[in-house]
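Peer 1: Task: produce atomic coordinates for the following.
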Amino acid sequence: MAEIIVIHEEGEDVVWSYALMQGNWGISTGSEIIFSIEPYGGQDIQIKFRTFGNDTWNWNFWYVFNVSMTLYLDNDLALSEISGPTQIELMETGTWDLEVKNTGINPITDYTVKLFDHKTGSLIGSFDETEPLGSQSTKTYSFDWSSEAAYNTSFYGFVLFEEDEFQGNNASKGQFI
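Peer 2: Coordinates of the predicted model:
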């Protein structure tokens, strides 16, 4: 027998099982299994892969190539990408683009996108967006900046939406300059 189990605050639940006596499951290069973990929303969970049988020869191997989870919230903005030059000369103007994605279910309006200089902490620029951004849609915001001093830094972006249900994707990775 093979099982996939969700371990949660109140115990364990088998969310998928397969009896080996039914023959091999899937193909050797991988087969997708999809199941809902919606009942465990708001909890910390673990996923356990378990095999068992009458003897050790019942299941020879089990490869797990990838585990991914998709979360759909009502209101969630993500700063998905930052791009721009990695080198700029004194007094030269460069443009950095921040891509914002609405990963939520609802269209979102009235949010702010900001770009910061990591070394100085200064705000490079800010956009207050009032136009709706549809579910699963993206929009790119461009920021111009020129350096008055020679130094290494990195830029990072931030999207701020008061009703955002997941803050963990609101800041971009830094881009070294």
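
Peer 1: Okay, strands next: where are they in the protein?
Peer 2: Taking DSSP state E to define them, one finds strands in the chain at 2-8, 11-18, 46-51, 77-83, 93-102, 111-117, 123-129, 138-146, 154-160, 175-176.

Peer 1: Which of those sits closest to residue 67?
Peer 2: Proximity to residue 67, assessed across the strands of the chain by Cβ to Cβ, is greatest for strand 46-51 (6.6 Å). Where you see a C-beta, it was placed from the backbone N, CA and C, and this is true even at glycine.

Peer 1: next one: that closest one to chain centre, how far?
Peer 2: Counting by Cα atoms, centre = their mean, to the nearest Å, strand 46-51 is centred 23 Å from the centre of its parent chain.

Peer 1: tell me the angle of it relative to strand 11-18?
Peer 2: Orientation note: strand 46-51 sits at an angle of 50 degrees relative to strand 11-18 (axes from the mean of the first three to the mean of the last three Cα atoms, to 10 degrees).

Peer 1: Given strand 46-51, what are its sheet partners and their directions?
Peer 2: If you go by DSSP bridges, strand 46-51 pairs up with strand 2-8 (antiparallel).

Peer 1: how about the strand it pairs with as PDB, C-alpha atoms only?
Peer 2: Output of strand 2-8 as PDB, limited to C-alpha atoms (Å, rounded to 0.1, in the frame of the first residue of the first chain):
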ATOM      1  CA  ALA A   2       1.200   3.600  -0.700                       C
ATOM      2  CA  GLU A   3      -0.300   6.600   1.000                       C
ATOM      3  CA  ILE A   4       0.100  10.300   1.100                       C
ATOM      4  CA  ILE A   5      -0.900  11.800   4.500                       C
ATOM      5  CA  VAL A   6      -1.400  15.300   5.700                       C
ATOM      6  CA  ILE A   7      -0.200  15.800   9.200                       C
ATOM      7  CA  HIS A   8      -2.000  18.700  10.800                       C
END
